[in-house]
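Engineer: following is a predicted model, sequence given first.
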Amino acid sequence: MRSALRSLARHPGFTTAGALTIALAVAGNTSIFAVLKALVLDPLPFKNPDQLVTLDVRSTRGFLISISIPNYRNWGRSSAFQSHAAAAGWGMTWTGRDQAQVVTQQAVLGDFFGTLGLTPYRGRGFGAAETEPGAEAITVLGYSFWRQHLGGDPDVVGQTLLLDQRPYVVVGVLPEGSGYPSAAVEAYVPMGSIPGLPWEDRGSSFGTRALARLAPGMTPELAQRDLDRITSNIEAEEGQAIAHPELRTLSDFYVRDLKRQAWVLMAAVGFVLLIAVANVGSLVLARGEDRRREIAVRAALGARQRELIRLLLTESLVLSFLGGILGTALALGAVRGLMPMLPAEIPQLLRDRVAVDGGVLLFTVAVTTVAGLLFGTLPALRAGRLELAPELREGTRGASGRQRWRSALVVTEVALSLVLLIGAGLMLKSLQNLRHTDKGFDAENVLTARTGLPDARYPTKESWLGFFDELLPRAAALPGVRTAALSLLLPLSNRSWEMGILPDNVPFDPMRRESVLYDIVSVDYFRAMGIPLLKGRGFTDSDRDGAPPVAIIDETMANNFWPGEDPIGKRVTWEVVEGSTHDPNQTPVYRTVVGVVKNVRHYELINPSRIQVYVPLHQTLRVSGTSLHVILKTDVNPTSMASSLRREVAALDPDVPLVAVRPLADYVDGDLAGSRVMSVLLATFGGVALLLAGVGIFGLVSYSVAQRSREIGIRMALGADAREVLGWIASLGLGLAATGVAIGGLAAAGLTRL
């Protein structure tokens, strides 16, 4: 070890170049592996997480949608589960302090805490029986909420919080870092404590996710078969087709498409590592040429072949670990820099775990060791096979073979660099395509915010509408505001409300309804959002209670439900929204389609739009706990209107919070974040790889010129001019680059097809 350090210290230029090259590769591999480990490799922070699954519904149009309460109850009867629960999140208004604020909450049904294996840090959770309709108003708090807002009060259990103007008794606090879907959830309440939910409507859901813990010995595949059996039995009993469940592991629910992206980035930094190894290997081979006589002398003085190989391998490993130490330091900064860039779709539960921890450091040690062995083995073996007599006579036999090895390494660098750059180019092209995708709305100069009204203070539909009827004209009158509107949903905000719908061209049967996005909007919503009206009319002030019920649909629904027909004048119905008593013999209430608007990409720009139906704000029942989005179309920078909007809301009611105040363009940018991060990282890795390849070509050409300086001198003495010599030198590098480009192009074409 001491000899290796002395040898490296005698050649600071070589040592610095090699260590920096390895450091760049190690930094990239360490930082990306930290993300991969947190997202994909580490188990979820729940008890026996491999036993946890989620239940969703695949709609007839192929979309995964949330589950209704009746379906949850039916599928929960499966013997494949030892326990199950359901949860739905929205906001509850917390008052009683200086300023009202929205609490991030999960309304839970069933054995929620038992299924996830969550044991409260203080107090207790609540069981399945305490979550049914008519449940007591009790709550379990998240650890961060308890610490930040209640000062970590040890006597918090038994205290009361005013949520939506209703007193909820605190019965427990979760441990630090625990929670579902993340530790950021601030309060858990029984679903049965919230009035007005569609408990009996199989076609209606409100973002409810079902969870289950598999019984011992049960697999997800066997559980899926049992759910299909239960569904088939229900269909046979009722004589109608119903939605079929789709079971996924909880890890798949969290990771979704992130797993593929993380592995792609890992492959990219793996390429960078190989390029770095090839680059340093080329440097070591070149240095080996200068040390051949030294090695021969050592051998002549009695050094055995094994000792020579060990000496050179030790030098390579020491060089690699010098780069590894520097790379680890760089990775610490890189991980901190990566955190703000991570897409919003990454759940907070996983985001919080990204760190350079012990497992990541072990990976770094392994990568550094492998790198040192890769770039050090070939030169060490070649040195161990030196023929002493020729080397001691300063012979040059074998130089052409060594040159071929260095050339092969440089060609490999160029080929791998090109693959990375082509991958980055394809990602950039995809990003550009997404940017120019027809979203169905105009996000420019639009400010959005969300506000909810407490049930206790606004108990009736009239009082609820009265607040918004006052707010809209005040907001519209603000200087710089062109249009003000309200909506239940907002594109790309990860908020949805799905309802079962049935057109009037089929017999009424709740079991056969299509699940669609249900949006409640004010008169000027389409104008504020820039959503084009394709047929018919928009909503007017006359679309109120007492007037004929109306709806506006999107073009996908028009084409799917009434292909080749004019949808204007057709009718659709919902069961719960129209206030029925869930009696299948009751005459349904139909809405008449008065307009068709352009499709809106609600969930993701990369996915097709969902079927969406809009109803007028003044013709819908108020759903308990519903918050609405306030939308301002402005002539100025929308963020400049935030304080003015807050003042108008506070002037009407200081206990009504206004949250998520941000431009609509931010939601679009957030949806593009994943593609943008992939593009930036791939382009960065490709640029680093190209730089390393360029350094490799420069080094090889420089070494070749130095080795052939005598030949160059003879050429010039025989009449060759400087231009010819420069052309010959350039051809050395261009030939290697061209070969690498050809191989890399073929490899990239193959990978693209995969």
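Structural biologist: Perfect, I can see it now.
Engineer: all contacts plus neighbour counts: C-alpha atoms, from now on.
Structural biologist: Fine.
Engineer: look up the closest residue to residue 179, ignoring the ones flanking it.
Structural biologist: residue 185 (6.6 Å; C-alpha to C-alpha, 6 or more residues apart in numbering).
Engineer: same check, this time on residue 285
Structural biologist: residue 379 (5.7 Å).
Engineer: and the nearest residue to residue 186 once chain neighbours are set aside, what does it touch?
Structural biologist: Closest residue in space to residue 186, ignoring its immediate chain neighbours: residue 142 at 4.6 Å, by C-alpha to C-alpha, 6+ apart. Counting by C-alpha atoms under 8 Å, 6 or more residues apart in numbering, residue 142 makes contact with 173, 174, 175, 176, 178, 179, 183, 184, 185, 186, 187, 188.
Engineer: out of these, which one has the weakest pLDDT?
Structural biologist: Lowest pLDDT within the contacts of residue 142 is found at residue 183 (76).
Engineer: need the contact list for that residue.
Structural biologist: Neighbouring residues of residue 183 by C-alpha under 8 Å, 6+ apart: 142, 143, 144, 176, 177, 348, 349.
Engineer: can you do 7 Å?
Structural biologist: Residues counted as contacts of residue 183 (C-alpha atoms under 7 Å, 6 or more residues apart in numbering) are 142, 177, 349.
Engineer: which other helices and strands does the longest helix belonging to the chain contact?
Structural biologist: Using DSSP state H to define each element, the chain has its longest helix at helix 664-707. Applying 3 or more C-alpha pairs under 7 Å, 6 or more residues apart in numbering; DSSP states H and E, one finds that helix 664-707 contacts helix 258-290, helix 399-435, strand 446-452, helix 722-753.
Engineer: hmm, 10 Å instead?
Structural biologist: The elements that helix 664-707 packs onto, with contact taken as 3 or more C-alpha pairs under 10 Å, 6 or more residues apart in numbering; DSSP states H and E, are helix 12-36, helix 258-290, helix 399-435, strand 446-452, strand 627-634, helix 709-717, helix 722-753.
Engineer: nearest to residue 613, of those?
Structural biologist: Proximity to residue 613, assessed across those by C-alpha to C-alpha, is greatest for strand 627-634 (16.3 Å).
Engineer: any idea of the mean pLDDT for that closest one?
Structural biologist: 93.
Engineer: repeat for stretch 336-352
Structural biologist: Averaged across stretch 336-352, the pLDDT comes to 75.
Engineer: end-to-end on that stretch?
Structural biologist: For stretch 336-352, the first and last residues are 12 Å from each other (C-alpha to C-alpha, to the nearest Å).
Engineer: could you report the separation of residue 501 from residue 572?
Structural biologist: Residue 501 is 7 Å from residue 572, by C-alpha to C-alpha.
Engineer: residue 45: which element?
Structural biologist: Per DSSP states H and E: residue 45 is located in neither a helix nor a strand.
Engineer: tell me who's in contact with it.
Structural biologist: Shown in contact with residue 45 (C-alpha atoms under 10 Å, 6 or more residues apart in numbering): 116, 117, 118, 177, 178, 179, 180, 182, 349, 350, 353.
Engineer: may I see the buried residues of the helix or strand containing residue 333?
Structural biologist: For residue 333, the host element (DSSP H and E) is helix 305-338. Neighbour-count burial for helix 305-338, counted by 16 or more other C-alpha atoms under 10 Å, picks out 305, 308-310, 312-328, 330-332, 334-335, 338.
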